[in-house]
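Asks: Pasted the sequence and its predicted model underneath.
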Amino acid sequence: MTRPLSLHPDRALPADPGVRAIARRLHEHTADLPLVSMHGHVEAAELDADEPFADPAQLLVVPDHYVTRMLASQGASLAELGVPRQDGGAVETDSRAIFRRLCENWHLYRGTPSRYWLEYELVEVFGVDVAPAAETADAIFDRISARIAEPGFRRLALLDRFAIEVLSTTDPATSDLAHHAALAERGYGERIIPTFRPDAVVYLRRPTWRADAQALGDLAGVDTDTWAGYLEALRSRRQAFIAAGALATDHGHDDADTTPLEPADGERIYAAALRGEATAEDERRFAAGMLFEMARMSSEDGLVMQIHPGVLRNHHDDVFAAHGYDRGFDIPEHVEWTRSLRPMLQCFGFSPRFRCILFTIDETTYSRELAPIAGAYPSVRLGAPWWFLDSPEGMRRFRESAMETTGFYNTSGFVDDTRAFASIPARHDLARRIDAGHLARLVAEHRLEEDEAAQTAVDLAYTLPRESYRRLSA
Amino acid sequence: MTRPLSLHPDRALPADPGVRAIARRLHEHTADLPLVSMHGHVEAAELDADEPFADPAQLLVVPDHYVTRMLASQGASLAELGVPRQDGGAVETDSRAIFRRLCENWHLYRGTPSRYWLEYELVEVFGVDVAPAAETADAIFDRISARIAEPGFRRLALLDRFAIEVLSTTDPATSDLAHHAALAERGYGERIIPTFRPDAVVYLRRPTWRADAQALGDLAGVDTDTWAGYLEALRSRRQAFIAAGALATDHGHDDADTTPLEPADGERIYAAALRGEATAEDERRFAAGMLFEMARMSSEDGLVMQIHPGVLRNHHDDVFAAHGYDRGFDIPEHVEWTRSLRPMLQCFGFSPRFRCILFTIDETTYSRELAPIAGAYPSVRLGAPWWFLDSPEGMRRFRESAMETTGFYNTSGFVDDTRAFASIPARHDLARRIDAGHLARLVAEHRLEEDEAAQTAVDLAYTLPRESYRRLSA
Amino acid sequence: MTRPLSLHPDRALPADPGVRAIARRLHEHTADLPLVSMHGHVEAAELDADEPFADPAQLLVVPDHYVTRMLASQGASLAELGVPRQDGGAVETDSRAIFRRLCENWHLYRGTPSRYWLEYELVEVFGVDVAPAAETADAIFDRISARIAEPGFRRLALLDRFAIEVLSTTDPATSDLAHHAALAERGYGERIIPTFRPDAVVYLRRPTWRADAQALGDLAGVDTDTWAGYLEALRSRRQAFIAAGALATDHGHDDADTTPLEPADGERIYAAALRGEATAEDERRFAAGMLFEMARMSSEDGLVMQIHPGVLRNHHDDVFAAHGYDRGFDIPEHVEWTRSLRPMLQCFGFSPRFRCILFTIDETTYSRELAPIAGAYPSVRLGAPWWFLDSPEGMRRFRESAMETTGFYNTSGFVDDTRAFASIPARHDLARRIDAGHLARLVAEHRLEEDEAAQTAVDLAYTLPRESYRRLSA
């Protein structure tokens, strides 16, 4: 049986007819707003190269760990799905077979945001009109293949098609920003901007740490043989990022600890790390201390600091050894914020130039810790629902759990946080609909006037991301 | 633009028309019930003095940390908002300017309970009919100013206007209860009653601890140079509170630990504290041990014991140094109940005279710990949603998460827990509406008959608070 | 007043008329499906004996700790409710009085799943048509008494009446499985199957541990004087269970730790335990190590491993001393899964024969830990809401919190987990209705097609429990 596929105009809006009618009207205010994508994971190199997407599997399956881990959970190996190996092992190279695997297992995605995003992409971006299934896999594959061969479907062209006003990439502290420079020369300097992500040079346990610390110094022209030099190199690279248009930094830490290091301790641990003698406790304290130092630098140079802790990365050693980072085997943990952020907020919580945006995938902290913190400290904004929570129910719970204490205006507004380029509009579409539904319920329950709700919807979708990341002048 | 302001009769009721119709009918059963306010923070001294409220800013902005911290979160300093300083620094004294600040930033409160309460007060208490905004600030200020100058708007008169049947204050163990005595002489002895709050004499780290312990002994006529004497003084003061009408005690602890102290340990720590030599661990153990002792005393004298742990008070040192306690910079933490309460419940969980009421702002404990505990132990009642959770969505989640296991009749019923006198009726109004909505959904889903729901609504609003705090004879 | 009692055809379906209409249609697909009861606590001995139920109190009150703890929470002693004592004390023996106590306190159960289940049993199983109350208690008692005297109301006959396709009991590792053998001889071998539950021989602190370990060896014909022998005996008993039809094991641990023991450590701790010298830390490590060993054995023999940690059993010593296990005084605790399961999943997470099903009563772990784990590892299924969470709101939150990340097809489907035989159909009825409601909302919000939802409903109710426990061939 071939099932037709289309996008219902009321999709993801509340079921109640009265609330839906209001939500529809609210959504009209945001449906056509440009996309502000201040926290993304599309690679600058790919944007610079601007090649056609390789094929439907390489576009929609292989790089999307939301998609591959679901197939893996039902017995597909990542290698069968074409996920690249770093250990030299073989992987499936028949993209048609990989794509068919997705289509045959379409039922696994029922009720998931991946399904929502993929359906949006199929219909809205690629003009597909049949639902994925064993029988339709090849036809859909062909349809998408034809589309992505068109010049209008390369990444830079899609910026216009998707109405992306600005796209922020995420770049290691050791990036030379050459791709951003090249993009700037072609007039994309304001539209594609880097984000400074120093995790690789902050986590001493990473096998590449020493080489990265060296590379950092080389790029900055600073000797990184001492902690002071290393800090100076970071400061210098932040300036280079700012010069390239960066507005923010991004920090994916194990936890949220921000306890500063005494300079002597910093020097000692740094020296030990260079000798390969840092202990696990050294590492932990160093990461915390560096989060504090990054906050200090942000309070000086004005880069907005994004913190998203609490994931035990690479939960399965063999998967990591074979396939590397970001393969869907990253499992969240309980996060403590109240005591962890206190050292940072004691020092910088009221600093006029400091702003940090907090992201969590531990929902228990919304009402207990994050909303009270972001609802009090002027330097703190509460980030949009992250990763597993960037879903219809997840976003709804976020609004219901956090907004009463935080207030809408102490949030970042929507960020899409995706490495799947073609899913960017789908993610904004879904968020705008869920927010319209939440606000519509407040209106229906006479807790907010409709014109206020409309303004709030626009602010959440467009104004707040720009303002939170200081794309609007203060 | 001047926006009109009014209270919709269906405000805060569910959006679904069928459920709303039931909720309306249920709400009619509770809308006009007297207010039983068994846990409040209005000052006895203010009630005794019964002066007019100073001005709209001093009434609605300055003392309400829900309101000031939201303005602070967007850059206003507490001093600019007129929040008193204890360090001698200057604060804004122009109440009109302070009140304007609130009105200009009215959008910050969208979707917050503060907005709901303030709107209720503006319309219902003060007859304001325009929404706060920069353009309306002065007119609203004048309107409220005129109202509070009327004799009928002093506190004691408002008791009648608000239909407050009983109002419980919260008083330190060292209170001489003179204001309550004065109020009793004027016939308010049954209506305004004290609550015994010994935190200041229990937390050894407080700078005032030694002086407070001394004052406690002086008041009780007992030598508090030993732990035994100190316990005796507490016992004596509890009797004084009972004589003044008190029905309950109130305990705001760091955590819920109730591990008792061996007498020798109690004496040792107490003696160390008197010498200023108590360690942090001594303090922690002393607080836990005192929670146990307070339970023992409650099991003897019948005062209902209220416990609400889990807030890291005064999160920002400079804010505390400048402005003192209760300024909106108190951040909740994870709370553990199951093991923490066990020592107390082992001893007193089945004691006929013992009752404790548990409050949390860690929602994760509703279904996991608190509902199973309150749904089993006869001595335990689950308190109403507290602080940040005393909000439409917070109260809804409480009903949905806890009631299936606790049962409605193992809860305290509504307590308003406010220091903002004029907001008392607003808080009861909101709670009654949310409960009507929750019960209406049970009726609409054929999980409860409508007459049962109506009786339950009345019990939650009126009977249970009276019965839980033993205002009704058992 | 005598209130009529009936079951509304739309009970527990969503209130919104549009969603309800869809839910009704979805529910029609599952309403008449056979019951697959893969995780239950009905005693094999009772099934084998197949005596009539003793009386209404012994059927509906005394053995149901959901029911007795609610009465206890309002002051009834367990002895007054007829709950057997193991300390020789007297208990109420007048079943009519016990049953009246339930009826008189019927209001305590408002909004609880116990009420839903009991109403279903009263109406659907026993043909009662008046609601429990003081005035109706005796009549209802008589009505049920008459029914359970009929031959068609014995347990084995009820298997047919209830359309129970398969019923799994839970049996200690030391069970000789004689009752199952007897039932198999009468043709029930495929329909009533055992589950291997080794907790008693795994937890060294249990007073019966040594005797149980000895009994285990005796049954297996293996010397259990060494850890190796003990493991061999367990392996052997698992084979005996498999021969008797078992498909699964069941593990109620304090926490989810699966850190393996080095063989030398295992031998040392085991030997210490035999000498009565195991420490608390030994016990803890032994339980974790045994969870790992059980996973290893499951990966070899294919028994599905059920894990449900996180309850502090027997919270009140006196209740336990008087009445023993499972009396409603078991209180949940916070559970950590991400790090705890890692050792097991590192080794067996991708083993083709290994499957584990994870149950929690710590809801905070749904979206944070369990959904990401079950949504990635092929060996893991997420179990149905357990114990306190097997309720309308609890099941709804489970669907809303976990499904977006886990996907429906990485769940176990419904398990009823009850020791109350007559409540089995009530529990399946409720679950099917809540799932119909959840799926109907997805349809109404255009997130799922109705035919997909219908298939998913059938899978959750019937296919997935069979497939998850490998009753369907792979």
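Replies: All right, it came through fine. Residues are numbered from 1 along each chain as shown, chains lettered A, B, ... in the order given.
Asks: from here on, contacts and neighbour counts on C-alpha atoms
Replies: Noted.
Asks: For the residue lying closest to residue A:446 once chain neighbours are set aside, give me the backbone phi and psi.
Replies: The spatially closest residue to residue A:446, leaving aside those adjacent along the chain, is residue B:11, at 4.8 Å (Cα to Cα, 6 or more residues apart in numbering or on different chains). Summarising the backbone geometry of residue B:11 under the convention degrees, to the nearest 10, its torsions are phi -60, psi 140.
Asks: burial measure for residue B:11, as a count.
Replies: The burial metric for residue B:11, expressed as a neighbour count using other Cα atoms under 10 Å in any protein chain shown, is 19.
Asks: Return the residues in contact with it.
Replies: For residue B:11, the contact set (Cα atoms under 8 Å, 6 or more residues apart in numbering or on different chains) comprises A:445-447, B:433.
Asks: Residue A:381 belongs to a helix?
Replies: No: counting by DSSP: H, G, I helix; E, B strand; the rest coil, residue A:381 falls outside a helix, being strand.
Asks: Surely it and residue A:370 touch.
Replies: No: with contact defined as Cα atoms under 8 Å, residue A:381 does not reach residue A:370; the gap is 9.1 Å.
Asks: joint contacts of these two?
Replies: Common neighbours of residue A:381 and residue A:370 (Cα under 8 Å, 6+ apart) are residue A:358.
Asks: Can you pull the residues of chain A lying near chain B?
Replies: With the criterion set to Cα under 8 Å from any Cα of the partner chain, chain A comes near chain B through A:16, A:18-19, A:338, A:342, A:345-346, A:364, A:367-369, A:372-380, A:400-401, A:403-410, A:441-442, A:444-448.
Asks: Narrow those residues to those in helices?
Replies: Secondary structure of those is defined by DSSP state H; positions in helices are A:18-19, A:342, A:345-346, A:372-374, A:400-401, A:403-406, A:441-442, A:444.
Asks: Buried members of those residues into ChimeraX, please.
Replies: The ChimeraX selection below is limited to those of those classed as buried (16 or more other Cα atoms under 10 Å in any protein chain shown):
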select /A:19,342,345,372,373,374,400,401,403,404,405,406,441,442,444
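Asks: Might you report the residue contacts of residue A:306?
Replies: Residues in contact with residue A:306, defined by Cα under 8 Å, 6+ apart, are A:248-251, A:356-359.
Asks: check which helix or strand covers it.
Replies: strand A:304-307 (DSSP states H and E).
Asks: Starting from that strand, tell me which strands it pairs with and how they run.
Replies: strand A:248-251 (parallel), strand A:356-358 (parallel) (DSSP bridges).
Asks: quick one on the thing from earlier: out of the contacts of residue A:306, which comes closest to residue B:41?
Replies: Using Cα to Cα, residue A:358 comes nearest to residue B:41 of the contacts of residue A:306, at 32.8 Å.
Asks: what stretches of chain A score poorly on pLDDT?
Replies: By pLDDT under 70, the weakly predicted segments of chain A are A:472-474.
Asks: Tell me how it divides into domains.
Replies: A:17-51+A:155-468, A:52-153 (automatic domain parsing).
Asks: possible to save these as JSON lines with distance to residue B:113?
Replies: Shown next, in JSON lines, are the domains of chain A (distance: least, Cα to Cα, whole Å):
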{"stretch": "domain A:17-51+A:155-468", "distance to residue B:113": "6"}
{"stretch": "domain A:52-153", "distance to residue B:113": "31"}
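Asks: Point out the most buried one among these.
Replies: Neighbour counts (mean count of other Cα atoms under 10 Å in any protein chain shown) averaged over each of those peak at domain A:17-51+A:155-468, with a mean of 21.
Asks: For that domain, measure first residue to last.
Replies: End-to-end distance of domain A:17-51+A:155-468: 34 Å, with Cα to Cα, to the nearest Å as the criterion.
Asks: List the contacts of the residue nearest to residue A:341 when sequence neighbours are not counted.
Replies: Taking Cα to Cα, 6+ apart, and ignoring the residues beside it in sequence, residue A:341 has residue A:258 as its nearest neighbour in space, at 5.6 Å. Neighbouring residues of residue A:258 by Cα under 8 Å, 6+ apart: A:288-292, A:340-344.
Asks: ok, these vs chain C, which is closest?
Replies: Taking Cα to the nearest Cα as the measure, chain C lies nearest residue A:340 of these, at 19.3 Å.
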